[in-house]
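> The sequence isn't on hand, but the structure is:
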């Protein structure tokens, strides 16, 4: 019996107020994807407190749409 395993995929954890969000309900706009460079490593964490985002209801499922990084306040 052959035991083949899939290659390890980097994991991206998304937090909202330090609570992990369900990955299938997270979407990124093209602008947000372009800004994800620093989050693409293994075990990377995206904290929604640092991003602009909104909720979108699709049927009975709520999706979190991440749009852009918030600018640091001076």
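Nice, I can see it. A quick note: this is a predicted structure, and the numbers were derived from the prediction, not measured.
> rest of the way, CA atoms for contacts and neighbours
Will do.
> would you list every one of the helices in the protein?
Using DSSP state H, the helices of the chain run over residues 30-35.
> Can you show me the strands along it?
Taking DSSP state E to define them, one finds strands in the chain at 12-16, 19-20, 26-28, 44-47, 51-58, 61-69.
> Turn these into CSV, columns for distance to residue 37.
What follows is the strands of the chain, written out as CSV (distance: least, CA to CA, whole Å):
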stretch, distance to residue 37
strand 12-16, 12
strand 19-20, 20
strand 26-28, 13
strand 44-47, 10
strand 51-58, 14
strand 61-69, 12
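> The residue lying closest to residue 20 once chain neighbours are set aside pairs with what?
Counting by CA to CA, 6 or more residues apart in numbering, residue 14 is the residue found nearest to residue 20 once chain neighbours are left out, at 5.7 Å. Under DSSP bridges, the beta-bridge partners of residue 14 are residue 46.
> hang on, the earlier thing: in JSON lines: the strands of the chain, plus distance to residue 36 and mean pLDDT.
JSON lines is the format used below for the strands of the chain (distance: least, CA to CA, whole Å; pLDDT from 0 to 100):
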{"stretch": "strand 12-16", "distance to residue 36": "10", "mean pLDDT": "81"}
{"stretch": "strand 19-20", "distance to residue 36": "18", "mean pLDDT": "86"}
{"stretch": "strand 26-28", "distance to residue 36": "9", "mean pLDDT": "88"}
{"stretch": "strand 44-47", "distance to residue 36": "9", "mean pLDDT": "82"}
{"stretch": "strand 51-58", "distance to residue 36": "11", "mean pLDDT": "92"}
{"stretch": "strand 61-69", "distance to residue 36": "9", "mean pLDDT": "90"}
